[in-house]
Every structure is written in C-alpha cells, then in structure tokens.
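Enquirer: Could you work out the structure for the sequence below:
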Amino acid sequence: MEQNTFATSAYIATDTDTAFDYLCSLKNLDDWTLFSRMIEQVDEDTWLGTASGYQHNLYYHVKKIDNGFFKGIEWHCGIKYQEYFQVYPVMLFPPEYIEPGTDESGVYFHWLSFVDPKRRVPMIMQGIETVHTSECRSLKAILERNAGRTEAAVGRYKIVTDTIFVDAPIEMGYEYLSDLRTMDEWAHLLRPQGEIGSNSGEFLDEYNQKVKVELRSHTLSKYYLIEQDFYYPDYNFTQRSPSIIIPCSYAFADPDAEGFIQHRITFWPLDKPLRHGKLQIQDFGAESMNIKRFLEAKAGNLESFAQGMSYQPKALASV
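Expert: Next up, the predicted model:
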C-alpha cells in the first residue's frame with residue numbers, strides 16, 4: 001500500500017446533510033479531535049488552532065465537495081496561512097449509493113489523509129492511524145448521540161481501500177482510466193463481450209457470468225473521481241467502486257512532485273461473503289498494479305515500477 005496516505009472510515013447513524021453540515025464547521029473540531037482546538041478565525045473557511053501531531057499551531061482550511069451522488073469536504077493544514085502541506089479529503093456515502101434500493105439509513109464516512117514525505121515528522125505517520133481512528137470513533141459518537149442514540153450503531157458494510165502511486169501524468173491517467181475500452185488491458189478477471197463503449201459495455205467474469213460495467217467520471221477540486229459500477233443482471237447485484245486519482249503535486253502541496261495517487265474505495269457486506277464480483281481486496285490491488293505498470297510504461301518511466309507502491313521524492317528515490 002502507498003505509505004504516504006492513510007484512510008479511516010465509519011458507519012454513522014445520522015443523515016448525510018447533518019454530517020456534512022457538522023464537518024463543514026471547523027469549530028466543531030474542538031469537540032471530536034484529540035487536540036485540534038480552534039483559536040482564531042482568519043477568514044470564512046480558515047482558522048488558526050492547536051494540533052494533535054505537532055507542538056505548534058496550524059492553519060486549518062475547509063473546502064466543500066458535492067458531485068450529486070454524495071457529499072464531501074477537504075480539510076487543508078499548514079504552518080503558514082494559505083500554504084498547506086496536508087490535505088484530507090472526506091466523503092460521505094449514503095447507503096443507497098453502496099446498495100441501490102436498500103432500506104438502510106445513516107451515512108458512511110470516509111476520511112483520506114495525505115502527508116508530504118519531505119515535510120512530515122516521524123510522529124505524524126507513526127501516530128496517524130492511532131489518532132485518526134480514535135477521532136473517527138469520537139466523531140461517530142457525537143453525531144449518533146446528537147441523533148438520540150446511547151450506543152454505537154453498526155452498519156451493514158465496511159469500507160476497505162487500495163492505494164498506489166503511479167509515476168505518470170495525471171491527465172494521462174484520467175484519460176486511460178475514464179475510458180472503459182482500456183479495462184480489457186488491466187482487469188484480468190473480466191473479458192469483453194461485443195463492442196465496448198467509452199463509458200459502458202458487457203463483460204464475462206471468471207465464472208462466465210454476464211457483467212454490465214458503467215463508468216462515471218467527475219472533476220473534484222484539483223483531482224478526479226472515477227466511479228465503476230459492475231452490475232450482474234442475472235442476480236440483480238451491483239458492486240460499486242469509486243476511485244480517486246489525485247496529482248502528487250496537490251496531495252503533497254509540492255509543485256515538484258510528479259505522478260499521481262490512485263485510491264480505490266470498496267464496500268463489503270458484514271453479514272455474508274460475496275458470491276459475485278471481486279471477492280477480496282487483493283483483486284482490486286492486482287488490477288492497480290496492472291494500471292501502474294501500463295501507465296508508467298506509456299509515460300516512459302520504466303524504472304518506477306520496481307520502486308514499489310509508494311511515492312518518493314525524486315531525490316530520495318535515486319538514493
């Protein structure tokens with residue numbers, strides 16, 4: 001997995017709009033984070049406050065995301081005003097997005113963290129899993145308590161992710177991944193049936209079962225979202241996997257950072273194993289390795305694949 005990113009998720013028994021409004025207010029960080037306490041409001045979307053991972057204050061900035069299917073935000077942090085080196089995209093998936101036609105209420109919270117390897121201190125990546133996981137539980141508890149609950153609610157799904165660095169231009173990656181006709185090249189468990197269009201087509205899976213695949217592509221802030229829907233008509237089953245591809249220059253606030261990060265989000269039912277579609281996160285991970293290999297070759301970066309799944313600044317990668 002990519003070593004400069006960390007993701008945490010939770011099911012929260014509240015409605016999407018309530019969660020979104022709560023997260024948009026930076027002052028609410030006072031209540032659910034370990035030690036992010038807002039001290040001074042700088043502008044409408046920016047505060048100066050204390051920090052859980054540093055002995056000095058940080059500037060906090062928030063942006064809103066709304067692509068029509070789900071809502072989200074971005075938190076940005078930095079030591080100087082408007083110079084942010086940490087970006088935290090957050091997405092709120094309603095259960096209907098995960099399982100069309102479901103009667104489940106609530107929302108699935110997904111929090112992604114990028115930390116620049118040039119500027120991070122050891123405590124950040126050593127402590128980020130502990131702190132963000134606990135803060136995620138704190139956020140869940142506050143929103144559920146506000147909704148009248150007295151104990152933690154359990155959702156029907158868990159979120160599992162696959163993340164990899166690709167040493168190729170972001171526009172090349174977007175053009176490649178948003179065109180379904182390339183899927184035959186990198187998806188080893190699917191075989192095309194008939195003519196495949198740029199956004200939709202039919203495939204057979206590893207059990208010769210019919211799969212109708214659709215892609216939807218969106219621009220989010222400085223990066224892209226590509227949604228992959230795999231529909232099994234004979235079983236009325238849909239497996240949905242949105243992917244974020246974000247340029248390293250934006251994720252790490254470093255104009256010299258090349259390539260992009262691909263972050264694939266998957267949803268797995270807790271009550272029963274899947275019988276169709278991808279059956280384990282490694283199926284997604286294997287595809288990601290194929291994507292990395294093909295795109296880096298197209299970009300002429302033939303030595304990058306051997307360096308592994310994580311972004312490294314060029315000066316470090318050459319050591």
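Enquirer: switch to C-alpha atoms for all contacts and neighbour counts from now on
Expert: OK.
Enquirer: Quick check: mean pLDDT of the biggest helix by length in the chain?
Expert: Counting residues, the longest helix found in the chain (DSSP state H) is helix 122-146. Across helix 122-146, the average pLDDT comes to 95.
Enquirer: can you check stretch 235-243 too?
Expert: Summarised as a single mean, pLDDT over stretch 235-243 is 97.
Enquirer: Residues contacting that stretch, please?
Expert: 98-100, 225-232, 262-267, 277 (C-alpha atoms under 8 Å, 6 or more residues apart in numbering).
Enquirer: Go again with 6 Å.
Expert: Residues from elsewhere that reach stretch 235-243, judged by C-alpha atoms under 6 Å, 6 or more residues apart in numbering: 225-231, 263-266.
Enquirer: Make CSV out of those residues and add secondary structure.
Expert: Compiled in CSV, the contacts of stretch 235-243 are given as follows (DSSP: H, G, I helix; E, B strand; the rest coil):
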residue, secondary structure
Leu225, strand
Ile226, strand
Glu227, strand
Gln228, strand
Asp229, strand
Phe230, strand
Tyr231, strand
His263, strand
Arg264, strand
Ile265, strand
Thr266, strand
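Enquirer: about what we covered before: which is the next helix or strand following the longest helix of the chain?
Expert: Toward the C-terminal end, the helix or strand that comes next after helix 122-146 (DSSP states H and E) is strand 157-166.
Enquirer: got the contact list for that following strand?
Expert: So strand 157-166 is contacted by 1-2, 259-270, 285, 292, 309-311 (C-alpha under 6 Å, 6+ apart).
Enquirer: Next, the angle strand 157-166 makes with the following helix or strand past that strand.
Expert: Later in the chain than strand 157-166, the nearest helix or strand by DSSP H and E is helix 170-177. Angle of helix 170-177 versus strand 157-166, following axes from the mean of the first three to the mean of the last three C-alpha atoms, to 10 degrees, is 120 degrees.
Enquirer: What segments of this protein are helices?
Expert: Under DSSP H, the chain gives helices at 16-24, 29-32, 95-98, 122-146, 170-177, 183-186, 248-251, 281-298, 314-317.
Enquirer: Tell me the buried residues in the first one?
Expert: This points to helix 16-24. 16, 19-20, 23-24 (16 or more other C-alpha atoms under 10 Å).
Enquirer: any chance of those in CSV, plus pLDDT and distance to Met123?
Expert: As requested, the buried residues of helix 16-24 are exported to CSV (pLDDT from 0 to 100; distance: C-alpha to C-alpha, whole Å):
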residue, pLDDT, distance to Met123
Thr16, 96, 33
Ala19, 98, 29
Phe20, 97, 29
Leu23, 98, 25
Cys24, 97, 27
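Enquirer: Arg156: which of those residues is nearest?
Expert: Taking C-alpha to C-alpha as the measure, Arg156 sits nearest to Thr16 out of those, at 16.3 Å.
Enquirer: Could you measure from the closest residue in space to that closest one that isn't next to it in sequence over to Leu139?
Expert: Leaving aside its sequence neighbours, Thr16 sits nearest to Val107 (C-alpha to C-alpha, 6 or more residues apart in numbering; 5.7 Å). For Val107, the distance to Leu139 (C-alpha to C-alpha, to the nearest Å) stands at 13 Å.
Enquirer: related to what we said a few turns ago, separate out the buried members of the contacts of strand 157-166.
Expert: Buried among those by 16+ other C-alpha under 10 Å: 2, 259-268, 285, 292, 309-311.
Enquirer: Check those residues and tell me the two furthest apart.
Expert: Gly259 and Trp268 (29.4 Å).
Enquirer: I'd say Ala257 and Ser249 touch.
Expert: Yes. Using C-alpha atoms under 6 Å, Ala257 and Ser249 qualify as a contacting pair, with a distance of 4.7 Å.
Enquirer: quick revisit: kindly calculate the angle that the longest helix of the chain makes with helix 16-24.
Expert: Using the same axes, to 10 degrees: helix 122-146 against helix 16-24 is 140 degrees.
Enquirer: how distant is helix 122-146 from the center of its chain?
Expert: 17 Å (C-alpha atoms, centre = their mean, to the nearest Å).
Enquirer: the domain parsing of this structure - what is it?
Expert: What the TED database lists as the domains of the chain is 1-155, 156-318.
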